[in-house]
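**Q** Whatever this is, show me its structure:
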Amino acid sequence: MIWGGGIVLLLLLFVTDLMTGSAGIAPSEVLRALFGGGAGEQARLIVMEIRLPKALTAVIAGMAVSVSGLLMQTLFRNPLAGPYVLGISSGASLGAALCVLSASSALIVRESAAGVLGLAGAAWIGAASVLAVITAATRKIGDITVILIFGIMLASGIDAVVQILQFLSDEQSLKSYIVWTMGSLGNVSGLRLLLLAAASACGLGISAVFAKPLNLLLAGEEYAVSAGADVGKTRAAVFIATVLLAGTATAFCGPLGFVGLAVPHIARMVTRNADHRVLIPATVLCGSILMSACGIISKLTGVPVNAITSLIGIPVVVRVLFQSRPGAAS
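**A** Coordinates of the predicted model:
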């Protein structure tokens, strides 16, 4: 019932996303545009070039960011780990900022294949660099709380570098970057959407393949090794999957605050299960539902999607904090 209800809810949200918008298009006209039933040219362009890519982006980005958060929480065995908290999204943002804030590349990033690939590549490099630093620090420090603080400080340092880049940029590039930081699901189409889907599919595929080793990692690396898991290979796989998932989504949609941190906990609450063979598809479904709902709210109210995801995600994080404190009821 839970899985069936979740899938039905996602389909309803997807259809609602296609039906809503500033342009008053009748539902029957939307259906004709989708299935080639003789809709008007203007309606067809709005539905096929604007609404459908946005609805697909919400689903894919929700999957990608949510699963990347689940991977981080498992790898670091910390319920408060996530691409946003650990600075991985900030690293991807720095890579994207170097592209978006460059006056010479602002037009290229929007229009050319080289620009799209360059933007994604820069975000991947930024996310990978931060993840490598966090992983190295984890081996040296070992204390989970210190690692979280280190990640927050690293993100703050990256944000400071981005602010310097903003100060040195021209007005047009700065405006493009400010809009990008607010988060948007409506600017991903064509090659961007194809690359987002391909990178997310690869990241999700890697996550599914390593579901069993991820289960073993929950009990610690020593137990995982004794149970026959290749911890080094699993860590590398998580590394690659997180870069593909969080880096690509951040590059094209902007930083989506608290999605990667909150959704895995929502999936755990719904399924009451810690098995990654259940958690990964549950996180995919919950992330898609959340981002689709946030996309619809953003479309109807005009509020940036990043603000909406933060308002929804923060209460979940607060609940986790209270449950994690010493003496809290299980």
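
**Q** and stretch 4-14, how far out from the chain's middle?
**A** Mean C-alpha position of stretch 4-14 versus that of the full chain (C-alpha atoms, centre = their mean, to the nearest Å) differs by 20 Å.

**Q** For that stretch, the averaged confidence score.
**A** In this model, stretch 4-14 carries a mean pLDDT of 94.

**Q** next one: stretch 323-330
**A** Rounded mean pLDDT across stretch 323-330 is 48.

**Q** now do stretch 55-63
**A** Averaged across stretch 55-63, the pLDDT comes to 93.

**Q** Report the buried residues of that stretch.
**A** Across stretch 55-63, burial judged by 16 or more other C-beta atoms under 10 Å covers 55, 56, 57, 58, 59, 60, 61, 62, 63. In short, each C-beta sits where N, CA and C put it, glycine included.

**Q** Also stretch 131-142?
**A** Neighbour-count burial for stretch 131-142, counted by 16+ other C-beta under 10 Å, picks out 131, 133, 134, 135, 138.

**Q** Sort out for me which of those are in helices.
**A** Within the buried residues of stretch 131-142, residues falling in helices by DSSP state H are 131, 133, 134, 135, 138.

**Q** Closest one to residue 249 out of the residues you listed, please.
**A** Using C-beta to C-beta, residue 131 comes nearest to residue 249 of those, at 14.6 Å.

**Q** hang on, that closest one packs against residue 244?
**A** No - if you go by C-beta atoms under 8 Å, residue 131 and residue 244 don't touch, sitting 11.4 Å apart.

**Q** could you dump stretch 170-189 to PDB, C-alpha only?
**A** The C-alpha trace of stretch 170-189 is given here as PDB (Å, rounded to 0.1, in the frame of the first residue of the first chain):
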ATOM      1  CA  ASP A 170      30.300  42.100 -14.000                       C
ATOM      2  CA  GLU A 171      26.600  43.000 -13.500                       C
ATOM      3  CA  GLN A 172      25.200  40.600 -16.000                       C
ATOM      4  CA  SER A 173      27.200  37.500 -14.800                       C
ATOM      5  CA  LEU A 174      26.400  38.400 -11.200                       C
ATOM      6  CA  LYS A 175      22.700  38.500 -11.900                       C
ATOM      7  CA  SER A 176      22.800  35.100 -13.600                       C
ATOM      8  CA  TYR A 177      24.600  33.600 -10.600                       C
ATOM      9  CA  ILE A 178      22.200  35.100  -8.100                       C
ATOM     10  CA  VAL A 179      19.300  33.600 -10.000                       C
ATOM     11  CA  TRP A 180      21.100  30.300 -10.100                       C
ATOM     12  CA  THR A 181      21.700  30.200  -6.300                       C
ATOM     13  CA  MET A 182      18.000  30.500  -5.700                       C
ATOM     14  CA  GLY A 183      17.500  27.100  -7.300                       C
ATOM     15  CA  SER A 184      15.400  26.500 -10.400                       C
ATOM     16  CA  LEU A 185      13.800  23.600 -12.100                       C
ATOM     17  CA  GLY A 186      12.700  25.500 -15.200                       C
ATOM     18  CA  ASN A 187      16.000  26.100 -17.000                       C
ATOM     19  CA  VAL A 188      16.900  22.500 -17.600                       C
ATOM     20  CA  SER A 189      16.000  21.200 -21.100                       C
END
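
**Q** what's the average pLDDT for that stretch?
**A** For stretch 170-189, mean pLDDT rounds to 73.

**Q** Having no further points to raise, I will conclude here.
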